[in-house]
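Participant: what follows is a predicted protein model with its sequence.
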Amino acid sequence: MIKLNKEIKLNSCDNICLKYGSVNKNDPQVIYVSGKMWICPTYDGDFETPISFAYNNFKRKLSKILRDSTIFDSKHILDFDINPENLVKDKKKFFSISFFIKQNSEKLINLNNIKNVISSEFGYLFRELENDLIENDFEISKTK
């Protein structure tokens, strides 16, 4: 059986492990971009508001990037996986984000050739998320 999935790591963020890929490297119509990190609040209080702010900011910027893109369709699936209710001061929790996007051109760009686009456009998006969380007193790291 031939392995069709392919993942490529990105080094766009200091504190977020990023990768992108497709389940079919020969026909990468749908591409996923995934980020994972550990976050640790440095204060006691409301965690719902800053996480909601970061989510809405990320979603709005992702939608704008896709709307302006000539390569990707504007429809996407976004999964923001963190439960603010489980956050506790000075305790790290796992946080993952992934989204699925579809190429809209008839001639699909292979995964290796699209790396620069993914790295610049979406790497910026994850760096903005990183900044939003740091500004709201969260520490971020790649490892626990």
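Facilitator: Yes, it's here. Numbering: from 1, shown residues only.
Participant: low-scoring stretches of this structure, by residue?
Facilitator: Flagging of the chain using pLDDT under 70 yields the residue ranges 1.
Participant: if you set the cut-off to 80 instead, what comes out?
Facilitator: Low-confidence segments of the chain, defined by pLDDT under 80: 1, 105-107.
Participant: would you map the strands across it?
Facilitator: Listed from the start of the chain, the chain has strands (DSSP state E) covering 6-10, 17-22, 30-41, 72-81, 93-103, 138-141.
Participant: put the alpha carbons of stretch 88-101 into CSV.
Facilitator: Taking Å, rounded to 0.1, in the frame of the first residue of the first chain, the C-alpha atoms of stretch 88-101 are listed here in CSV:
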residue,chain,number,x,y,z
VAL,A,88,-5.1,27.4,36.3
LYS,A,89,-2.5,29.9,37.2
ASP,A,90,1.1,28.7,36.7
LYS,A,91,0.0,25.3,35.3
LYS,A,92,0.6,24.4,31.6
LYS,A,93,-2.2,23.2,29.4
PHE,A,94,-2.0,21.8,25.9
PHE,A,95,-3.4,24.0,23.2
SER,A,96,-3.8,23.1,19.5
ILE,A,97,-5.1,24.9,16.5
SER,A,98,-5.8,23.4,13.1
PHE,A,99,-7.5,24.6,10.0
PHE,A,100,-8.4,22.9,6.7
ILE,A,101,-8.3,24.9,3.4
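Participant: identify the residues contacting it?
Facilitator: Contacts to stretch 88-101, defined as CB atoms under 8 Å, 6 or more residues apart in numbering, come from residues 30-44, 58, 62, 66, 72-73, 76-83, 86-87, 126, 129, 141, 144. No exception for glycine: its C-beta is placed from N, CA and C like everyone else's.
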